[in-house]
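[1] Sequence and predicted structure, then a few things I'm wondering about:
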Amino acid sequence: MATISNLGIGSAGLGNLYDQLEAAERTKLTTITTQQTNYNAQLSAYGKLQSAMTNLQTATAALGKTATWNSTAVSSTNTAFSATTTSEASVGSFTVNVNQMAKAQVLTTGPIASNSEKLGDTTGTTRKISISQPGTAKPLEVDLTDADTSLSGIASAINKANGNVTASIIKANDGDYRLMLSSKTTGIKSAMTITVTGDAKLQSAIGFDSATGTGAMSVQTKAQNAIVVVNDVEIERQSNTISDALPGVTFTIKAESKADESLDITRATDANKKAVTDWVTAYNALQSTITSVTKYVSVDAGAGSQSNSNGALVGDGNVRSIQSQLRGLLTEVQSGSVQIMAQLGISQDTVKGADGTLGNLKIDADKLTKQLDENPSAVQAYFIGDGKSTGLATRMNNTLTDMLSTATGKTGLIQNAKDGINKTLKTLGQRYDSMEASIDATMARYKAQFTNLDVMVTKMTNTANYLTQQFTKSSS
């Protein structure tokens, strides 16, 4: 407890003493707040560790998926079309010829003198425009009043209906306006039939039957399907995007072919290499995080305390266990022709990193590429194994899943550690509140005692002053 100065006479001296006593009492809270700070730092460190482990688990899980190793890519450069592939695509070469692109139908009216001229009868009621398309479940229906039968009114009403048709007004020349209707979708099922009920005059101005090709409108662009020939097999679809012709392959038609083109699908070695690289990067990031949260800075002998630069989890057994288990998995020998990481060009660096991390993984890119090109199935087997309990990625993913589990009754060591810290912080908070209440009670008692003492000192001082005055008068 802090040293208390001698008691002075009067309120000033007592007030100063009271402040010193309060400061001394409140030092009892310092130990608790220091502990709270340390435990909060540990909680934050565990959060960083958990995040790094989660990132590693994501990268590890990717290596444990068959789709990652079966991923394919298009190695050819094509003009009439482009193509993308998934892991379901078969490696090989295909001859492709785009005979015809899919197109959306476009219809236009003949010349009309004004875009505001009413084209319908004055009926005093509404009429209905119905635009049907074979590929659309329900016709687009638009009601028009007598005032809405101009080109502007018709176009506005159709667009407001927000169906599968858009309407535009084209000014070809002065006194030459035309209504253009365009399907939003391609293919022969986009062909439009326009019927007006309740207004014969408007029907004669814009009616059209795509089935017979008769009516007031003319076809500017014919509705047609895409036709693509793949290895002499003709494929016809409504859209220029075709995703169901070859498994795992999506074609995007760009133009009609001038000659046959070759679609070459190969194993995506670059994607496989990236998956491995991402895993190595995530593993090294975790090691760096561990180094940071367990950092130890030596102090001079006799300093009596640890350095403030130490990591929040220095000496923590959970962290050592995590690091030890993961490193142990790296040295396990897998069955198959690829048994150890070194065969893939992956090794543990014996030189400390810039942040002091020891044991980071490094990749010999040429060696990894050669294995992926020449022995992809063996590389896959090394990481996946049986997909349950063997294979590096499978084993590591299982281990990380257990460590990171938050499931009730199956919580992993990370969650257990965080729960323990939170429980301790709750107890410290209760201790702090209790201690603070005790200090407040003590200071209230001191205040009452000092108030009484102040009153007594004041009375004694007044009495002394009175006696002094009386003695002074008697002597004079």
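    Yep, it's here.
[2] And Thr451, what's its pLDDT?
    On pLDDT, Thr451 comes in at 75.
[3] buried ones in the helix or strand hosting Tyr382?
    Element membership of Tyr382 [criterion: DSSP states H and E] is helix 376-384. Across helix 376-384, burial judged by 16 or more other Cβ atoms under 10 Å covers Ala378, Val379, Gln380, Ala381, Tyr382, Phe383, Ile384. Heads up, the C-betas are built off the backbone N, CA and C, glycines and all.
[4] Which of those residues sits closest to Arg431?
    Minimum distance to Arg431 across the buried residues of helix 376-384 is 50.2 Å, recorded for Phe383 (Cβ to Cβ).
[5] Distance-wise, check Leu428 relative to Asn422.
    Using Cβ to Cβ, to the nearest Å, Leu428 is found at 11 Å from Asn422.
[6] Check Thr30 too.
    22 Å.
[7] who's more crowded, those two?
    Asn422 (12 against 9; other Cβ atoms under 10 Å).
[8] Now do the same contact list for that one.
    Residues in contact with Asn422 (Cβ atoms under 8 Å, 6 or more residues apart in numbering) are Leu43.
[9] in this protein, which spans are helices?
    For the chain, the helices defined by DSSP state H cover 11-63, 66-69, 151-161, 200-206, 269-293, 317-330, 365-374, 376-384, 392-404, 413-475.
[10] Of all those, which one is nearest Asp244?
    helix 66-69 (19.0 Å).
[11] what's the burial count for Ile194?
    Ile194: 25 neighbours (other Cβ under 10 Å).
[12] Can you tell me the closest non-neighbouring residue to it?
    Among residues not flanking Ile194 along the chain, Phe208 sits closest, at 4.8 Å (Cβ to Cβ, 6 or more residues apart in numbering).
[13] cool, Asn55 as well?
    Ala282 (4.8 Å).
[14] From Asn115, how far off is the nearest residue to Glu117 once chain neighbours are set aside?
    Nearest non-adjacent residue to Glu117, counting by Cβ to Cβ, 6+ apart: Ser150, 5.8 Å away. Here Ser150 is placed at a distance of 6 Å from Asn115 (Cβ to Cβ).
[15] Which one's more surrounded, the two?
    Legend: neighbour count by other Cβ under 10 Å for Ser150 and Asn115, higher for Ser150 (21 against 17).
[16] dump the residue contacts of that one.
    Ser114, Asn115, Ser116, Glu117, Lys118, Leu119.
[17] Backbone dihedrals for the third one, please?
    Recorded main-chain torsions at Ser116 are phi -110, psi 0, according to degrees, to the nearest 10.
[18] Could you find the closest non-adjacent residue to it?
    Per Cβ to Cβ, 6+ apart, closest to Ser116 is Ser150, 4.9 Å.
[19] next one: phi and psi at that neighbour?
    phi -80, psi 170.
[20] and the nearest residue to Thr33 once chain neighbours are set aside, how far is that from Asn40?
    Sequence neighbours aside, Tyr432 is the residue nearest to Thr33 in space, at 7.3 Å (criterion: Cβ to Cβ, 6+ apart). As defined by Cβ to Cβ, Tyr432 lies at a distance of 13 Å from Asn40.
[21] ok, now which ones touch the closest residue in space to Gly336 that isn't next to it in sequence?
    Spatially, and ignoring its direct neighbours in sequence, Gly336 is nearest to Ala381 (4.3 Å; Cβ to Cβ, 6+ apart). Applying Cβ under 8 Å, 6+ apart, we find Ala381 in contact with Gln334, Ser335, Gly336, Ser337, Val338, Gly391.
[22] likewise Thr294?
    Gly311, Leu313, Val314, Gly315, Asp316, Val319.
[23] Pull out the buried residues from those residues.
    Using 16+ other Cβ under 10 Å, the buried ones in those are Gly311, Leu313, Asp316, Val319.
[24] which one among these gets closest to Lys189?
    Val319 (62.9 Å).
[25] what about the closest one, distance to Ala271?
    Val319 is 33 Å from Ala271, by Cβ to Cβ.
[26] so who does the nearest residue to Phe383 once chain neighbours are set aside touch?
    Nearest non-adjacent residue to Phe383, counting by Cβ to Cβ, 6+ apart: Ala393, 4.1 Å away. By Cβ under 8 Å, 6+ apart, the contact list for Ala393 reads Thr60, Ala61, Leu63, Gly64, Trp279, Phe383, Ile384.
[27] can you rerun that using 6 Å?
    Thr60, Leu63, Gly64, Phe383 (Cβ atoms under 6 Å, 6 or more residues apart in numbering).
[28] Check the burial of the residue nearest to Asn55 by counting its neighbours.
    21.
[29] So for it, what's the pLDDT?
    98.
[30] could you list every residue that touches it?
    Asn55, Leu56, Ala59.
[31] Domain parsing of this structure, as residue ranges.
    11-67+270-297+307-419, 72-102+225-267, 106-221 (automatic domain parsing).
[32] so how far is the second one off the chain centroid?
    This points to domain 72-102+225-267. 32 Å (Cα atoms, centre = their mean, to the nearest Å).
[33] Check the first one too.
    Chain-centre distance of domain 11-67+270-297+307-419: 21 Å, with Cα atoms, centre = their mean.
[34] what stretches of the stretch 351-476 of the chain score poorly on pLDDT?
    476 (pLDDT under 70).
[35] switch the cut-off to 90
    351-359, 428-429, 431-476 (pLDDT under 90).
[36] again with the chain
    1-34, 296-311, 315, 336, 350-359, 428-429, 431-476.
[37] let's see it at 80
    1-19, 21-22, 26, 298-309, 443, 446-458, 466-467, 470-471, 473-476 (pLDDT under 80).
[38] if we can go back for a sec, any idea what the residue nearest to Ile194 is bridged to?
    Ile194, Gly215 (DSSP bridges).
[39] got a list of what it touches?
    With Cβ under 6 Å, 6+ apart, Phe208 has these contacts: Ile194, Gly215, Met217.
[40] Likewise for Asp143?
    Contacts of Asp143 by Cβ under 6 Å, 6+ apart are Thr126, Lys128.
[41] please redo it, this time with the cut-off set to 8 Å
    Taking Cβ under 8 Å, 6+ apart, one finds Thr126, Arg127, Lys128, Ala157 in contact with Asp143.
[42] Out of the residues you listed, who's the most crowded?
    Going by other Cβ under 10 Å, Arg127 tops these with 22 neighbours.
[43] partner residues bridging that residue?
    Residues in beta-bridge contact with Arg127 (DSSP bridges): Leu144.
[44] For it, give its distance to Gln415.
    Taking Cβ to Cβ, one finds Arg127 at 69 Å from Gln415.
[45] for Leu63, same thing?
    25 Å.
[46] ok, residues contacting stretch 48-57?
    Contacts of stretch 48-57 (Cβ under 8 Å, 6+ apart): 279, 282-283, 285-286, 288-290, 292-293, 313, 319, 322, 397, 400-401, 403-404, 414, 418.
[47] thinking again about what came up before, quick check: the farthest pair among the contacts of Ala381?
    Pairwise over the contacts of Ala381, using Cβ to Cβ, the maximum falls at Ser337 and Gly391, 13.7 Å.
[48] Having no further points to raise, I will conclude here.
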